[in-house]
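>>> need a 3D model of the following:
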Amino acid sequence: MTAAQNHHGSGTAAQMTRFDDIYRRPDPRSYFRVLGALDYQTPHHAQGVFRRLLGSAGFPGGFDGPAGRDGAPRAPVLDICCSYGINAALLNHDVTFAELHAHYTSPHAAGLTVPELIERDRAYYAARRRADAVPVVGLDIAAPAVAYGRAVGLLDAAFAENLEAAPPSPALYQATRGIRLITVTGGASFLSARTFQPLLEGRQEPPWVAAFVLRTGSYRDVAEGLARFGMATEKDTTRTYPQRRFTDVDEQHYAVAAVAAAGDDPRGKEDDGHFHTALHLTRPAAQAAARPLRDLLRAP
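Next up, the predicted model:
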């Protein structure tokens, strides 16, 4: 699990463009400049989906305001491969992904030092904080990225750990005991059940897991691992979500072949120049049976 892998897909690494360097920076200006040039847009699509899931009637401990049922504090969300806290910014603030791109690629932003940018961003997000904001725990192996998300107030807790390689630290384990939703918008193809298993063990009410998964890869290992906890994974078959443009023709050829090999149709999607993702939602089997994913995603 690496932030650097969040955006280049799955398969043979030599066939994919790597973006490792943008996650080693102390702030997200390179992230938005580099990925913006490729029309990267998954967090934009995820913003509405995640808000809809949190507000759905079937969500465990469902929320309809700044506090949970009976006035209890809202349970936290865990964002895996969170990088700079972009999903948290979009979930909890009145801001769009396009506005964030403009915010971080402006001439004014380019002239700021890192401490100046952090100070500006604290005020920027504080002024746009939603009344229904939820605590967000961030997990990513890119320490500079999660440190930024924590410094500007996007992440209530942040951990630079790799659960594919080692069990969670006691602090991470404790911080994730109350989570009700796990989100993934990048890196799902590089995650296995090893990342999720220690987060679910010993839980009477396991959290939902919502992941945007590149169509070039498989989510089977994660789904089968979560099934051992009595959870069912549904794939949204009604639509796909553009992720980013290909960097060159070789990358496109790889993606088209990989999608076709997986049994999906690349026509009108990868054929047209973009990676595409599909939404997968994992819930306790009884909840999945009671209300299908298509009903959760239906506009109010």
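
>>> tell me the secondary structure for residue 268?
Classification of residue 268 by DSSP: H, G, I helix; E, B strand; the rest coil places it in coil.

>>> count of neighbours near it?
9 (other Cβ atoms under 10 Å). C-beta here means a position set from N, CA and C on the backbone, and glycine is covered the same way.

>>> report pLDDT for it.
Per-residue confidence (pLDDT) for residue 268: 96.

>>> burial measure for residue 98, as a count.
Counted with other Cβ under 10 Å, residues neighbouring residue 98 total 11.

>>> would you map the helices across the stretch 51-200 of the chain?
Assigned by DSSP state H, counting those that start in this stretch, the stretch 51-200 of the chain shows helices spanning 86-92, 97-105, 107-110, 114-127, 143-151, 170-175, 193-200.

>>> quick one: these as a markdown table, columns for mean pLDDT and distance to residue 159 too.
As requested, these are arranged in a markdown table below (pLDDT from 0 to 100; distance: least, Cβ to Cβ, whole Å):
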| stretch | mean pLDDT | distance to residue 159 |
| --- | --- | --- |
| helix 86-92 | 98 | 14 |
| helix 97-105 | 98 | 23 |
| helix 107-110 | 97 | 27 |
| helix 114-127 | 98 | 19 |
| helix 143-151 | 98 | 7 |
| helix 170-175 | 94 | 5 |
| helix 193-200 | 94 | 11 |
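
>>> wait, which of those is closest to residue 252?
Taking Cβ to Cβ, helix 97-105 is the member of the helices of the stretch 51-200 of the chain nearest to residue 252, at 23.4 Å.

>>> helix, strand or coil for residue 279?
Assignment for residue 279 (three-state DSSP): strand.

>>> isn't it right next to residue 211, touching?
Yes - with contact defined as Cβ atoms under 8 Å, residue 279 and residue 211 form a contacting pair (7.4 Å).

>>> ok, these two, which is more surrounded?
For the pair residue 279 and residue 211, the greater number of neighbours falls to residue 211 (27 against 22), based on other Cβ under 10 Å.

>>> who does the host helix or strand of that one pair up with?
In the assignment (DSSP states H and E), residue 211 maps to strand 208-214. Its sheet considered, strand 208-214 pairs with strand 181-184 (parallel), strand 274-284 (antiparallel) by DSSP bridges.

>>> hey, which of those is tucked in deepest?
Each of these was scored by mean neighbour count; the highest is strand 181-184, a mean of 25, by mean count of other Cβ atoms under 10 Å.

>>> could you measure from residue 144 over to residue 281?
31 Å (Cβ to Cβ, to the nearest Å).

>>> same thing with residue 125?
28 Å.

>>> and for residue 160?
For residue 160 relative to residue 281 (Cβ to Cβ), the value is 27 Å.

>>> how about residue 85?
22 Å.

>>> also residue 161?
25 Å.

>>> now do residue 183
Taking Cβ to Cβ, one finds residue 183 at 11 Å from residue 281.
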